[in-house]
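Asks: Sharing a model that was predicted from the sequence below.
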Amino acid sequence: MGEDRVLVRTAAEGVATVTMVRADKHNALDQAMFDALIRAAEQVAADPSIRAVVLHGDGKSFCSGLDVASFMSGGGNGTGGLLARDADRVANFAQRVTYDWSLVPAPVIAAIHGNCFGGGLQIALGADIRIAAPDAKLSIMEIKWGLVPDMGITQTLPRLLPIDVAKELTFTGRILAGSDAAAIGLVTRTADDPLAAALALADEIAQKSPDAVRAAKRLYDETWVSNDVAAALGRESELQSDLIGKPNQIAAVMAGMSGERPVFADPA
């Protein structure tokens, strides 16, 4: 898969661990890494047994952003290929490594350590939850290269930050520590060992009804920044109707009443 740039492992409990494995380059994004991340997202999205996903980087960093030298030297199809878009997709090639995580039905948790710059940060923003080491370094760094952030950030950052804060970070490319990123809401929280914390959270989520968890992800993703009150309230009712009385909902009720760990079926 993409020259083994990304490895996907799934535990018996239904937690998939997706690891970027280009540690010698701080998991910088070259053509092979783009290819591998897209395929990894497709793989976990298609597996109904997966209850939660943990996304992280091997070595010293989560992802240091675009491997500029690789693309400037003509690696892959060059930077122009990153902007190519298939006719049947809303996201272009580069945007898919962030946007496609929103298409994964199960929750995605990013465990951030070391450098998380530019495209790397945008990948993390594509996750549902971000847990960062207090000393991790995060930056919307595209301004350093005379560019705008263009890997789906318009669909993720508005849900997290006020526009003035987003503009300041984008205009300056300022590097934030993980603790500072948590203080402003750029990441969900910090942990000294973000991978262990992400795996623990994923295991907790995996013990809940996968039907309800997936429906909750759809509910928030579809309505969070919507100004259409009627549509949002209607969507709550639609998703709830699809859950009530189904086997996994009944299993959740029985477990809640008995105190025993529930056994859930994989979503259809």
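Replies: Received it, and whenever you're ready, just let me know what you need.
Asks: mind listing the strands for this structure?
Replies: 6-10, 15-20, 52-57, 108-112, 115-117, 129-132, 137-139, 176-177, 189-190 (DSSP state E).
Asks: Please identify the buried residues of the fifth one?
Replies: By neighbour count with 16 or more other Cβ atoms under 10 Å, strand 115-117 contains the buried residues 115, 116, 117. Where you see a C-beta, it was placed from the backbone N, CA and C, and this is true even at glycine.
Asks: what's next to it, contact-wise?
Replies: 26, 60-65, 124, 132, 136-139, 141, 175 (Cβ atoms under 8 Å, 6 or more residues apart in numbering).
Asks: try 6 Å
Replies: 26, 61, 62, 64, 65, 124, 136, 137, 138, 139, 141 (Cβ atoms under 6 Å, 6 or more residues apart in numbering).
Asks: From the residues you listed, which land in helices?
Replies: Here DSSP state H is the test, and the contacts of strand 115-117 give residue 124 as lying in helices.
Asks: Quick check: ChimeraX command selecting the buried ones in the contacts of strand 115-117.
Replies: To isolate the buried members of the contacts of strand 115-117 in ChimeraX, using 16+ other Cβ under 10 Å:
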select :26,61,62,64,65,124,136,137,138,139,141
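Asks: picking up where we left off before, now the strands of the chain in a markdown table, please, with extra columns for mean pLDDT and distance to residue 199.
Replies: Below are these laid out as a markdown table (pLDDT from 0 to 100; distance: least, Cβ to Cβ, whole Å):
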| stretch | mean pLDDT | distance to residue 199 |
| --- | --- | --- |
| strand 6-10 | 97 | 11 |
| strand 15-20 | 98 | 7 |
| strand 52-57 | 98 | 6 |
| strand 108-112 | 98 | 8 |
| strand 115-117 | 98 | 18 |
| strand 129-132 | 98 | 10 |
| strand 137-139 | 98 | 21 |
| strand 176-177 | 98 | 23 |
| strand 189-190 | 98 | 15 |
